[in-house]
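Trainee: Sequence and predicted structure, then a few things I'm wondering about:
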Amino acid sequence: MSALRALASQTAVYGLSTMVGRMLNYLLVPLYTRLFVPAEYGVVTDLYALVAFLNVVYTYGMETAYFRKMQQGDMGVYATAFWSLTGSSVLFSGLLLLGAPVLAGLLQYPQHPEYVRWFALILAFDALATLPFARLRQEQKALRYASIRLFNIGMNVGLNLFFLIGCPWLLEKGIATELLKTIYLPEMGVGYIFLSNLLANALTLLWLMPLVPTWKGFDATLWKEMGVYGIPLLFAGLAGMVNETLDRALLKYLLPGTVEVRFHALGIYGAVYKLAMLMSLFTQTFRMAAEPFFFQQATRADARQTYAKVMQYFVLAAGAIGLGVLLFMDLVKYFIDPAYFEGLYVVPILLLANLFLGVYYNQSVWYKLADKTRWGMYLSIFGAAITIAANYLLIPTLGYAGSAWATLLCYAGMMVASYVLGKRYYDVPYRIGRMALYLGAAVLLWQLAQWMAPHADGWFYWLLRILLFFAYLVLGFFLEKPAKSVTSSPTENNQ
């Protein structure tokens, strides 16, 4: 099996587990948007944006440092990284637990310090699971990885359904037990979303316990080396999370109106962002398989050609996903309640932004393999500067559409800057013209559908969209059909 086919198979397994899991989570989006008004859903959007930021703090580049050191053959890497994350997680979450009342006030939830306490534990459990999951990826145990991930998501979904649908139904029917009345409080509302996450993470961590290493494997010298490699990635990650989540955090401060009005807009933006997350979902699943794959290919003579081909296929697939979402938006939009439809016009902006982010992730191979991780930090800080400036300039006048445009400007700027720097330090022969053709074709086909929409109705409306989507796939098939596998495994070369 060729290296690219190996990557594709790994991506398929990671992607299947993540796709199924995310689809289960997507099934919760219609539930949330129908049970809670936009202002209440805005609380969920706000806190999970903050958690995404803090997750980077809790892991501080140790996952990537683990992959790098394993590629170099260092012993004791796993135990060193695991116990490092364990100690820091206890410290960070301890501080959050102690400061919960003050932090809740700063976040504009003074009546809910329990939210801070729950997320302190959620973050700790997430961090403790990071290295066991990374080890499964590094050892290419994709099926075991997928099983545990699906268990986590299944438990989260099941607990959400139990608390948000099952318990109210039992109370309404008058068949609730005294125990149920003790554990279920209707006034808790969105708090059950957070509590379900906490319980699911705790149970998942129990499943991963067999992968906990002994303390004796900790190597202080190696830990310092991993820190030197990983700390720049921490700052890069922090800046990256500013790029990914700051827009939602700033909306509740920069939008005009009352607190409830601002949270209403935040809820709308958070819900429509979920539709664009179909692109982000693909990017994330690809990244899971690609990062260890890139390191494994690094010593091969044709590694750079492989990376170029991977990027080309990524853009082709991402273009298909974006085009599919836009062509069939009349169906996709029902993932959320009609009360949130007013924000649909920002979805194309967010889809393109997330595609650019995926391209940037592919390009990041140059500074990781060249051991110049500080450039990842610089690029992310550059993007963060764009994000902050654009949000402050655009939100007051454009509302949450300003946040969407800021996201697009940020990722486009990072993508271009990374490409220019990569040409200098680790030149990969990307086929820019071919990738631009795929993106241009997707945009033109979508615009053609928009132009013809007033002249098409009924079955012809849907047939037109199916034919346009099929045309994109045919284009990609014929352009890539002549291409042969870029690399083959050493075993194949010897046969």
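Mentor: Structure received.

Trainee: Quickly note the distance from Val157 to Thr387.
Mentor: Using C-beta to C-beta, to the nearest Å, one gets 32 Å for the distance from Val157 to Thr387. Backbone N, C-alpha and C define where each C-beta goes, glycine included.

Trainee: Looking only at neighbour counts, state which of those two leads.
Mentor: Thr387 (28 against 18; other C-beta atoms under 10 Å).

Trainee: I figured that one hits Thr245, correct?
Mentor: No. Counting by C-beta atoms under 8 Å, Thr387 stays clear of Thr245, with 9.5 Å between them.

Trainee: three-state assignment of the residue nearest the centre of the chain?
Mentor: Ranked by distance to the mean C-alpha position of the chain (C-alpha atoms, centre = their mean), the top residue is Gln284 at 5.2 Å. The three-state assignment at Gln284 reads helix, by DSSP: H, G, I helix; E, B strand; the rest coil.

Trainee: Just the helices from the stretch 51-200 of the chain, written as ranges.
Mentor: Counting by DSSP state H, counting those that start in this stretch, the segments of the stretch 51-200 of the chain that form helices are 62-71, 77-98, 100-106, 113-138, 142-161, 167-172, 178-183, 191-207.

Trainee: low-scoring pLDDT stretches of the protein, where are they?
Mentor: Low-confidence segments of the chain (pLDDT under 70): 1-26, 71-75, 176, 288-289, 291, 482-495.

Trainee: make it 50
Mentor: Per-residue confidence of the chain (counting by pLDDT under 50) places the weak regions at 1, 483-495.

Trainee: what does the strand or helix carrying Asn391 contact?
Mentor: Assigning secondary structure by DSSP states H and E places Asn391 in helix 374-398. If you take C-beta atoms under 8 Å, 6 or more residues apart in numbering as the criterion, helix 374-398 is touched by 232-233, 235-240, 242-243, 246-247, 250-251, 254-256, 360, 364, 367-368, 401-403, 405-407, 409-411, 413-414, 417-418, 421, 425.

Trainee: Go through that helix and flag the buried ones.
Mentor: With burial defined by 16 or more other C-beta atoms under 10 Å, the residues of helix 374-398 counted as buried are 375-384, 386-388, 390-391, 394-395.

Trainee: what's downstream of that helix, the next helix or strand?
Mentor: In the C-terminal direction, the helix or strand that comes right after helix 374-398 (DSSP H and E) is helix 400-425.

Trainee: buried set for that following helix?
Mentor: The neighbour-count check on helix 400-425 (16+ other C-beta under 10 Å) flags 400-415, 417-419, 421-422 as buried.

Trainee: any idea how far the helix or strand that comes right after it is from the chain center?
Mentor: Per DSSP H and E, the first helix or strand lying C-terminal to helix 400-425 is helix 432-452. On the basis of C-alpha atoms, centre = their mean, to the nearest Å, helix 432-452 is displaced by 25 Å from the centre of the chain it belongs to.

Trainee: In terms of secondary structure, what does helix 432-452 contact?
Mentor: helix 303-327, helix 458-480 (3 or more C-beta pairs under 8 Å, 6 or more residues apart in numbering; DSSP states H and E).

Trainee: of all those, which lies closest to Leu96?
Mentor: Taking C-beta to C-beta as the criterion, helix 303-327 is the member of these that comes nearest to Leu96, at 36.3 Å.

Trainee: Now that closest one: buried residues?
Mentor: Those buried within helix 303-327 under the rule 16+ other C-beta under 10 Å are 303-304, 306-327.

Trainee: What does the residue of the chain most remote from its centre show for phi and psi?
Mentor: With C-alpha atoms, centre = their mean as the measure, the chain has its most outlying C-alpha, relative to the mean C-alpha position, at Gly174: 41.3 Å. In terms of degrees, to the nearest 10, the main-chain angles of Gly174 are phi 70, psi 20.

Trainee: Next: Pro110.
Mentor: Dihedral pair for Pro110: phi -60, psi -20, per degrees, to the nearest 10.

Trainee: Then Pro429?
Mentor: Backbone geometry at Pro429, expressed as degrees, to the nearest 10, gives phi -80, psi 70.

Trainee: surely it meets Asp302?
Mentor: No. Using C-beta under 8 Å, Pro429 makes no contact with Asp302, being 10.7 Å away.

Trainee: okay, and the common contacts of the two?
Mentor: With the criterion set as C-beta under 8 Å, 6+ apart, the contacts of Pro429 and Asp302 do not overlap.

Trainee: picking up where we left off before, for Phe335, which of the helices and strands packed on helix 432-452 is the nearest?
Mentor: When these are compared for distance to Phe335 using C-beta to C-beta, the nearest one is helix 303-327, at 10.6 Å.

Trainee: May I see the helices of the stretch 51-200 of the chain arranged in JSON lines, with distance to Ala39 as well?
Mentor: Putting the helices of the stretch 51-200 of the chain into JSON lines (distance: least, C-beta to C-beta, whole Å) gives the following:
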{"stretch": "helix 62-71", "distance to Ala39": "36"}
{"stretch": "helix 77-98", "distance to Ala39": "25"}
{"stretch": "helix 100-106", "distance to Ala39": "18"}
{"stretch": "helix 113-138", "distance to Ala39": "16"}
{"stretch": "helix 142-161", "distance to Ala39": "20"}
{"stretch": "helix 167-172", "distance to Ala39": "20"}
{"stretch": "helix 178-183", "distance to Ala39": "26"}
{"stretch": "helix 191-207", "distance to Ala39": "15"}
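
Trainee: which residue packs closest to Tyr461, ignoring adjacent ones?
Mentor: Nearest residue to Tyr461 in three dimensions, chain neighbours excluded: Ala453, at 7.2 Å (C-beta to C-beta, 6 or more residues apart in numbering).

Trainee: One more: Leu246?
Mentor: When the adjacent residues along the chain are set aside, Leu246 lies closest to Thr387, with 5.5 Å between them (C-beta to C-beta, 6+ apart).

Trainee: Likewise for Glu244?
Mentor: According to C-beta to C-beta, 6+ apart, the nearest residue to Glu244 is Ala52 (6.4 Å).

Trainee: try Ser418
Mentor: Nearest one to Ser418, counting by C-beta to C-beta, 6+ apart, is Gln363 at 4.5 Å.

Trainee: And that neighbour, how close does it get to Tyr430?
Mentor: 8 Å.

Trainee: what residues are shared contacts of the two?
Mentor: Each of 311, 419 lies in contact with both Gln363 and Tyr430 under the rule C-beta under 8 Å, 6+ apart.

Trainee: Next up, the contacts around Ala456.
Mentor: Residues in contact with Ala456, defined by C-beta under 8 Å, 6+ apart, are Leu464.

Trainee: Tell me which residues touch the residue nearest to Glu480 when sequence neighbours are not counted, please.
Mentor: Spatial nearest neighbour of Glu480, excluding adjacent residues (C-beta to C-beta, 6+ apart): Leu316 at 7.0 Å. Under the criterion of C-beta under 8 Å, 6+ apart, the neighbours of Leu316 are 435, 438, 476, 480.

Trainee: Buried subset of these, written for ChimeraX?
Mentor: One line in ChimeraX is enough to select the buried ones among those; burial here means 16+ other C-beta under 10 Å:
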select :435,438,476
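
Trainee: Between the contacts of Leu316, which sits nearest Ala142?
Mentor: For those, with Ala142 as the reference and C-beta to C-beta as the criterion, the closest is Glu480, at 24.7 Å.

Trainee: Quick check: buried residues in the one helix or strand Asp330 maps to?
Mentor: Per DSSP H and E: Asp330 is located in helix 329-332. If you call a residue buried by 16+ other C-beta under 10 Å, then helix 329-332 has these buried ones: 329, 332.

Trainee: residues near Glu342, how many?
Mentor: Each residue near Glu342 was counted by other C-beta under 10 Å, and the total is 12.

Trainee: what residues are up against the closest residue to it other than its chain neighbours?
Mentor: In this structure, Glu342 finds its nearest non-sequential neighbour in Ile268, 6.2 Å apart by C-beta to C-beta, 6+ apart. With contacts taken as C-beta under 8 Å, 6+ apart, Ile268 has the following neighbours: 38, 340, 342-343, 400.
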